[in-house]
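*Asks:* any chance you could fold what I've pasted below:
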Amino acid sequence: MTSSIQLETERLRLVAGNEAIARAEVEDRAEMARLLGVAVPGTWPPPLNDDASMRFFLRFAREHPGDMGYGCWYWLLKPPKKTGSSLLIGNGGFKGLPSEDGTVEAGYSLLEGYQGKGYATEGVRALVAWAFQNSRVRRVIAETVMDAAASQGVLRKNGFELSGEAAAESGAVRFALSRERWVERGGVLDSQGGAPTRGGI
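*Replies:* Model (predicted):
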């Protein structure tokens, strides 16, 4: 495993991508599998991820090597037994560093066979907790298409609310979660810098 930033939840291990992993995802899936220590499914990448998005995260990793947590995270499903192998089931993360007003934008996607099982709710919860450990982050936003009920459900379960702001893409809606709202819902700011996580719904 080449990344020093990992998050553990009840069922998932989230690994922050770095330049080596991002480059391998674009150029050499076998190398990507080696770096992550998992098999990369033949159905990779998950929906809405394409060559352009992969290259976006590769560029971010190259330009911000010390801020890899604000790029792509790879989502690994833990084995049912300690002796088993983890599975790469999706990805998610942020679309860059916090803005001047402390906003970061989150996104996530799972391979079809792993949707509807609570993994997205669990992963997003961990990423949000990690982001709010940085005092610069005041708000997390996420956009999804209007008819994506399951995706919107993930956000609502994590405390996001529909925002009155216009979405960047036509046909999308924006949700937002403030640091204050997250703390009201039980979010904990860890003075040691680690982001506590809980199991998914």
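*Asks:* just the helices in the protein please.
*Replies:* 19-27, 29-36, 51-63, 119-132, 149-157, 179-184 (DSSP state H).
*Asks:* quickly compare those helices and say which is most buried.
*Replies:* Mean neighbours per residue, mean count of other Cβ atoms under 10 Å, is largest over those for helix 119-132, with a mean of 24. C-beta: built from backbone N, CA, C; applies to glycine.
*Asks:* for it, what is the distance to the chain centroid?
*Replies:* Here the centre of helix 119-132 is set off from its chain's centre by 7 Å, with Cα atoms, centre = their mean, to the nearest Å.
*Asks:* helices or strands up against that helix?
*Replies:* For helix 119-132, the packing partners by 3 or more Cβ pairs under 8 Å, 6 or more residues apart in numbering; DSSP states H and E come out as strand 6-8, strand 12-16, strand 72-77, strand 87-94, strand 103-110, strand 139-145, helix 149-157, helix 179-184.
*Asks:* which one of these lies nearest to residue 125?
*Replies:* Ranking the helices and strands packed on helix 119-132 by their distance to residue 125 (criterion: Cβ to Cβ) puts helix 149-157 first, at 8.2 Å.
*Asks:* can you tell me what sits against stretch 160-168?
*Replies:* The set of residues external to stretch 160-168 that reach it, using Cβ atoms under 8 Å, 6 or more residues apart in numbering, is 140, 141, 142, 143, 173, 174, 175, 176, 177, 181.
*Asks:* can these go into a markdown table with extra columns for pLDDT?
*Replies:* Formatted as a markdown table, these follow (pLDDT from 0 to 100):
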| residue | pLDDT |
| --- | --- |
| 140 | 98 |
| 141 | 98 |
| 142 | 97 |
| 143 | 95 |
| 173 | 94 |
| 174 | 95 |
| 175 | 97 |
| 176 | 98 |
| 177 | 98 |
| 181 | 97 |
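*Asks:* which among these end up buried?
*Replies:* If you count burial by 16 or more other Cβ atoms under 10 Å, the buried members of the contacts of stretch 160-168 come out as 140, 141, 142, 143, 173, 174, 175, 176, 177.
*Asks:* gap between the second one and residue 179?
*Replies:* Just to be clear, that refers to residue 141. 12 Å (Cβ to Cβ, to the nearest Å).
*Asks:* for the third one, same thing?
*Replies:* Here the criterion is Cβ to Cβ. By it, residue 142 lies 15 Å from residue 179.
*Asks:* swap in the first one?
*Replies:* Distance of residue 140 to residue 179, given as Cβ to Cβ: 9 Å.
*Asks:* who touches both of the two?
*Replies:* Common neighbours of residue 140 and residue 179 (Cβ under 8 Å, 6+ apart) are residue 132.
*Asks:* list the beta-bridge partners for the residue lying closest to residue 69 once chain neighbours are set aside.
*Replies:* Excluding its sequence neighbours, the residue lying closest to residue 69 (Cβ to Cβ, 6 or more residues apart in numbering) is residue 16, at 4.8 Å. Assessed by DSSP bridges, residue 16 has beta-bridge partners residue 73.
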